[in-house]
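[1] okay, structure incoming, though there's no sequence with it:
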């Protein structure tokens, strides 16, 4: 799959992963109050690590910087 997550987007996802992990770790109640943030943290971490977001692919979004065109020699 082609990468569709840019640098700033990755940084934001890493911060969100840390926040969700802390919420899951220090949740006052067990059960869903820990499972949901832990799952979100894992998803944010994986999409940041691989640079591919399935939802972006589904909707045709791309936050990567455009590649500069290279000139070919004759």
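    Here it is on my side, so go on. Values in this document were obtained by computation on a predicted structure and should not be read as measured data. Numbering: from 1, shown residues only.
[2] and residue 11, which helix or strand is it part of?
    Using DSSP states H and E, residue 11 sits within helix 7-25.
[3] show residues contacting that helix.
    Identification of contacts with helix 7-25 by CB atoms under 8 Å, 6 or more residues apart in numbering yields 5, 34-38, 40-42, 44-45, 47-48, 51, 63, 65. Where you see a C-beta, it was placed from the backbone N, CA and C, and this is true even at glycine.
[4] tell me the two of those that are most distant?
    34 and 65 (36.6 Å; CB to CB).
[5] neighbour count: those two, which is higher?
    Legend: neighbour count by other CB atoms under 10 Å for residue 34 and residue 65, higher for residue 34 (16 against 9).
[6] contacting residues for that one?
    Residue 34 neighbours (CB under 8 Å, 6+ apart): 24, 25, 27.
[7] please apply the same query to residue 61.
    Residue 61 touches 4, 53, 55, counting by CB under 8 Å, 6+ apart.
[8] how near is it to residue 38?
    26 Å (CB to CB, to the nearest Å).
[9] and the helix or strand harbouring residue 58, how far from the chain's centre?
    Take DSSP H and E as the rule and residue 58 turns out to sit in helix 54-59. Counting by CA atoms, centre = their mean, to the nearest Å, helix 54-59 is centred 12 Å from the centre of its parent chain.
[10] next one: stretch 33-42
    14 Å.
[11] ok, and for that stretch, which residues are buried?
    34, 37, 38, 40, 41 (16 or more other CB atoms under 10 Å).
[12] among the residues you listed, which are in helices?
    Mapping those onto helices (DSSP state H) picks out 34, 37, 38, 40, 41.
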